[in-house]
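Peer 1: structure here, sequence nowhere to be found:
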């Protein structure tokens, strides 16, 4: 409540400035331009090579880390129901692939709490970081642009963003006044693999010269996913067949389970969203608010029983979120260029449903996040941004399978990022101080849960420099030191979690997780070619990971409550760890044939992660190569690509090896009218219907990726 009042007061303080600007007959605009360093919601193309995430807009070759942008026809072509699958082809990006409905981005092998997924610069205010089966409450159908940022600038959004930041940018709060008085963007998709029917619509109307009203909505419905082979992996099938011979009278028909193929049971989904926004836009700045509703019912692929006596469930999640957003900006003069306020508050709940539709476990989350940013004017090659960020979350799990106590997380961060440019030499330095308080305050008499608070003070910093070898080529090096506070589940977990089929046990005595990061970059952009390459090395102390432990460990933790442990025991543990890897993204113009430019492009990425004196970090994606050839013109383009993912045999003790696969995809994009961005895209993914599984997925032995998927997407912009 304190924070809500503070945000309201700050917004109120901005209104007189904006009102003064809008009453000025000379300066009041009929169509206010978007700030130069913010995206324009698809209203004016900012260019794929401009990175706007990180507060200060920069060209892609000027960012001292690996970055990626997905927008325009590339976003349309790769659009999937989840943000994880939408981004999975970008360099350094994989996906958790917990079925087709709960796939989250994995950056450089990092996932969960080490990756921040943002909606226009603010967190999703959901519980997606607590488990692989919890979906991110961000709808890709309404995205105008998605940016992936790694390295020093990620510290602006939290010390937990060791892997990086994914920022999904939409137009729910308008940034510009439509030139024609209105603006309409729509998208509709059909996908054959899951009989997907989806669509999104967003529109803006200028109520006055300075006031814009926005409305949007989306709908998605899918059937069970069609796959390219058996549901179970070869190892799991062999285990199921062995169980069928050992226990022919078991209630579970293991032989029938081993024969399942062609369709992934319990993977259907239905999701709809609705939102509205209102913005005051003037030469002096802007002030906007928005409301959105997210409603989803989706299934989680079944983790089938493979041994006599095992249980298996077909869980479904019924999810609802209501959210309020605020964005304000005042243009300034002198040392400051502008002052920005961004905030969101949301109420979230999801029910994990039993097969008879009864509620097994309920998750409740109420959160607020706010950022106040001060952007400096560029003076003599020096620019920067500083600010404060606040986050508060009340989280509770209720039910027989509650694995966390009711808890609260409160976090305050102070940050700055400064940039310097001296001819061909550019430097960047950033720092963040963060105070995190986590309190377990369960109201039940369950004695297994920790009661009390933990507080952490962390300091993270980064510094880097780049040098222009020529106008087209630039090399860079950056160093970062980060400190991350443990999350609530890493500290307080003590209970069964049906979604991951594990009894999870945290440790309230954990210390700060600390790391050193080093990254070298190469950017080359010239006539007919482009290359962006990064090589990185991270060393961790007190690295937190989940390790399988003897059942007796979890049984002792559950004993005070009298509960039994009938799932594999996994315990969060701290140790030293090392990550290193690389990613390369390159393109080359091969020829020009008539109106068509023939371009070749390629992506390669690899990560190696090891826990010192233990072995490989679990669920790490293997080496991947992706290459494509594309013929491009103003009205028509065609593309064919091949993606090869290698075997993953560097695995933790409780994992199984993952076989590699090769997928072939093709697409055609038609843009018949030059006067607008209306287009039709026809794509064929996994043309040869291969059986593909991601090593980064907890469910890889039970849930392969989609089989052959023919997709038709119509995008309209008026």
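Peer 2: Ah, there it is. Remember, predicted model here, so these are calculated numbers, not experimental data.

Peer 1: around residue 224, how many other residues sit close by?
Peer 2: By other CB atoms under 10 Å, the residues close to residue 224 number 19. C-beta coordinates here come from the backbone N, C-alpha and C atoms, glycine included.

Peer 1: got the phi/psi numbers for residue 240?
Peer 2: The phi/psi pair for residue 240 (degrees, to the nearest 10) reads phi -70, psi -40.

Peer 1: for residue 424, that is, sorry about that
Peer 2: Dihedral angles (degrees, to the nearest 10) for residue 424: phi -80, psi -10.

Peer 1: didn't it look like it was pressed against residue 471?
Peer 2: No: Residue 424 is beyond contact range of residue 471, at 9.2 Å (criterion: CB atoms under 8 Å).

Peer 1: please say which of these two ends up with more neighbours.
Peer 2: More neighbours surround residue 424 than the other of residue 424 and residue 471, with 12 against 9 (other CB under 10 Å).

Peer 1: ok, for the more buried one, nearest residue in space, not its chain neighbours?
Peer 2: residue 468 (3.7 Å; CB to CB, 6 or more residues apart in numbering).

Peer 1: against residue 380, how distant is that neighbour?
Peer 2: Here the criterion is CB to CB, to the nearest Å. By it, residue 468 lies 18 Å from residue 380.

Peer 1: before we move on, what about residue 415?
Peer 2: Taken as CB to CB, the span from residue 415 to residue 380 is 23 Å.

Peer 1: try residue 190
Peer 2: 55 Å.

Peer 1: out of the two, which sits in the busier spot?
Peer 2: residue 190 (14 against 8).

Peer 1: and what about that one, helix, strand or coil?
Peer 2: What DSSP: H, G, I helix; E, B strand; the rest coil gives for residue 190 is strand.

Peer 1: what score does it have for pLDDT?
Peer 2: For residue 190, the pLDDT comes out at 97.

Peer 1: for residue 154, same thing?
Peer 2: pLDDT, residue 154: 79.

Peer 1: so the nearest residue to it once chain neighbours are set aside, which of the three states?
Peer 2: Spatially, and ignoring its direct neighbours in sequence, residue 154 is nearest to residue 161 (4.3 Å; CB to CB, 6+ apart). Under three-state DSSP, residue 161 falls in the coil class.

Peer 1: quick one: low-confidence parts of the stretch 301-450 of the chain?
Peer 2: 443-445 (pLDDT under 70).

Peer 1: repeat that for 50
Peer 2: The stretch 301-450 of the chain contains no residues with pLDDT under 50.

Peer 1: check the chain too.
Peer 2: Scanning the chain with the threshold set as pLDDT under 50 gives 1-47.

Peer 1: nearest residue to the middle of it?
Peer 2: The centre of the chain sits closest to residue 117, judged by CA atoms, centre = their mean, with a distance of 3.9 Å.

Peer 1: check whether residue 515 really touches residue 542, as I assumed.
Peer 2: No: in this structure residue 515 lies outside contact range of residue 542 using CB under 8 Å: 9.1 Å.

Peer 1: give me the more crowded residue out of these two.
Peer 2: residue 515 (21 against 17).

Peer 1: identify the bridge partners of that one.
Peer 2: Under DSSP bridges, the beta-bridge partners of residue 515 are residue 482, residue 540.

Peer 1: list the contacts of it.
Peer 2: 162, 481-482, 484, 538-541, 543 (CB atoms under 8 Å, 6 or more residues apart in numbering).

Peer 1: and if you look at residue 288?
Peer 2: Here residue 288 is in contact with 173-174, 277-281, 326-328 (CB under 8 Å, 6+ apart).
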